[in-house]
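Novice: have a look; sequence and predicted model below, questions after that.
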Amino acid sequence: MKLFHKILCPIDFSEDSVKALQWTRYLAKRYEGQVTILHVMEPYPAIVDVGIDYDKYHSAVVRDMKAFLAPLNIPFESMQSSGSPAEKIPALATTLGSSVIVMGTRGLRGTAHRLIGSTTESVIRHSSVPVITLSPKCCAPGEIESNQVLLPVSSLNWPARGFIRLRQILRDLNGSLTMMHVVDIKDEMFNSSFDANPVLVTSYQIDERKKDLERIGFQIAKNAETIETILQFGNASPEILKEAEAAKYGWILMGAKRQKLFSRFFDSTAYNVISQAPVPVITIRV
């Protein structure tokens, strides 16, 4: 199934949802995709002394959703569900046979993100289909007309995890690939006698890393004539964002691991990137 064949766009009536709808409209028109708009109603807290008319609640949501979607001048289906959005969105994407999820992220970072958590991050980690995220800093649809795809990888192990899915997405985007790897200055693979100082790392070691990166790129972008490679030193997410902002990429493509116990309390590279990226980020679970 092509990446944009069946687009699921979850909304919560926020500004992030407006951006998600704009991109959904753009992608559906460009790739002739089918669109389903989803709103998940979070259940009211169970308070015995408070009576809740759920029929009125549902009717109000339907009314608000109809008004919110009025400007969306493309064919689409809309649906409502109830429960936890973080759980319902990936589950319904599978049930509906969606090929991709398109959603915004509020860009919460630091303590706010750790305490509140993120629906978007949870969806990414549990969805069986690719997720396109749009940060508050993301460009408008059509603003950057580029088919250059930035693919940061955390490991230079070969073969790359999920490379078949990455290859298919790259083909669907008709994209040219730039591979990027950020080396932690404490990386034990470099000679410890240099105290992992990037200035003293030998050119041989750097060349070997670039060759590994290029091999992974050719594995993913099969039949590509050239693969661009970027090797940087430092902290992964700032370096990735710096590269994305400095060059005219159309997309960032990333893998995301399943969420583990207590991982909410630690900012992940993937979340830091998706919450601030200047272009859409496509993530797949690996």
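Specialist: Cool, got the structure.
Novice: which residues does P10 contact?
Specialist: By CB atoms under 8 Å, 6 or more residues apart in numbering, the contact set of P10 is A20, L38, H39, V40, P85, I89, I101, M103, V123. From N, CA and C alone the C-beta is placed, and that goes for glycine too.
Novice: again, 10 Å this time
Specialist: Contacts for P10 (CB atoms under 10 Å, 6 or more residues apart in numbering) come out as 17, 20, 36-40, 81, 85, 88-90, 92-93, 101-104, 119-120, 123.
Novice: just the buried members of those residues?
Specialist: Neighbour-count burial (16 or more other CB atoms under 10 Å) applied to these gives 17, 20, 36-40, 85, 88-90, 92-93, 101-104, 119-120, 123.
Novice: these in strands, which ones?
Specialist: T36, I37, L38, H39, V40, I101, V102, M103, G104 (DSSP state E).
Novice: what about the third one, distance to L27?
Specialist: Translated: L38. Per CB to CB, to the nearest Å, L38 is found 16 Å from L27.
Novice: do the same with the fourth one
Specialist: In this structure, H39 and L27 are 19 Å apart, going by CB to CB.
Novice: again, but for the last one
Specialist: Counting by CB to CB, the gap from G104 to L27 is 14 Å.
Novice: name the residues contacting each of these two.
Specialist: C9, I132.
Novice: so what's G97 up against?
Specialist: M1, H5, K6, L8, Q34, T36, V129.
Novice: which of those residues count as buried?
Specialist: K6, L8, Q34, T36, V129.
Novice: name the SS class of the second one, please.
Specialist: It refers to L8. Following DSSP: H, G, I helix; E, B strand; the rest coil, we place L8 in the strand state.
Novice: how near is the closest residue to H5 other than its chain neighbours to L134?
Specialist: Nearest-residue entry for H5: S99, 4.5 Å, with adjacent residues in sequence omitted and distances by CB to CB, 6 or more residues apart in numbering. Going from S99 to L134 by CB to CB gives 17 Å.
Novice: kindly report the same for R209.
Specialist: Taking CB to CB, one finds R209 at 32 Å from L134.
Novice: these two: which is more packed in?
Specialist: More crowded of R209 and L134, by other CB atoms under 10 Å: L134, with 26 against 19.
Novice: residue contacts, that one?
Specialist: Going by CB under 10 Å, 6+ apart, L134 touches 16-17, 19-20, 22-24, 102-105, 120, 140-141, 274, 277, 279-281.
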